[in-house]
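Novice: could you work out the structure for the sequence below:
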Amino acid sequence: MGTIINDRIDVRISKEQKEFVKYASEISGFKNLSEFIIYCINKQANEIILENNLILKSLEDKRVFVDAILNPPQPNSKLKRAQLNYKKFIEQNASSDSEIS
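Specialist: Numbers count the residues shown, from 1 in each chain. Reported below is the predicted structural model:
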């Protein structure tokens, strides 16, 4: 049977922070502070990953999204027409608003 190797993370926090976290660990029923910290970081990491994957599921999705932001395509004729229609709409509503006031 292979040997289990535990990796280590060292974190420096104030005495007050440690006591605060230790108290939360005790009232939550964890055996020790390390168990509580591991539980909390795993829970938070899972939430971050799930939230991140809700919108962009794969690395390819993320790549396409970032590429579209950094290198937007040129507007096509439909988009240009929509922009003109929008400008006309705004101008018409601005003039009708000034007639009402």
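Novice: C-alpha from now on. contacts and neighbour counts both.
Specialist: Will do.
Novice: quick check: mean pLDDT of the helix or strand hosting Lys78?
Specialist: Following DSSP states H and E, one finds Lys78 within helix 77-100. What helix 77-100 shows for mean pLDDT is 85.
Novice: and it, how far out from the chain's middle?
Specialist: 35 Å (C-alpha atoms, centre = their mean, to the nearest Å).
Novice: what of stretch 21-28?
Specialist: Its chain's C-alpha centre and that of stretch 21-28 lie 28 Å apart, by C-alpha atoms, centre = their mean.
Novice: so for that stretch, what gets flagged as buried?
Specialist: Lys22, Ser25 (16 or more other C-alpha atoms under 10 Å).
Novice: same question for stretch 5-20.
Specialist: The neighbour-count check on stretch 5-20 (16+ other C-alpha under 10 Å) flags nothing as buried.
Novice: gap between the two ends of that stretch?
Specialist: Start and end residues of stretch 5-20 are separated by 29 Å (C-alpha to C-alpha, to the nearest Å).
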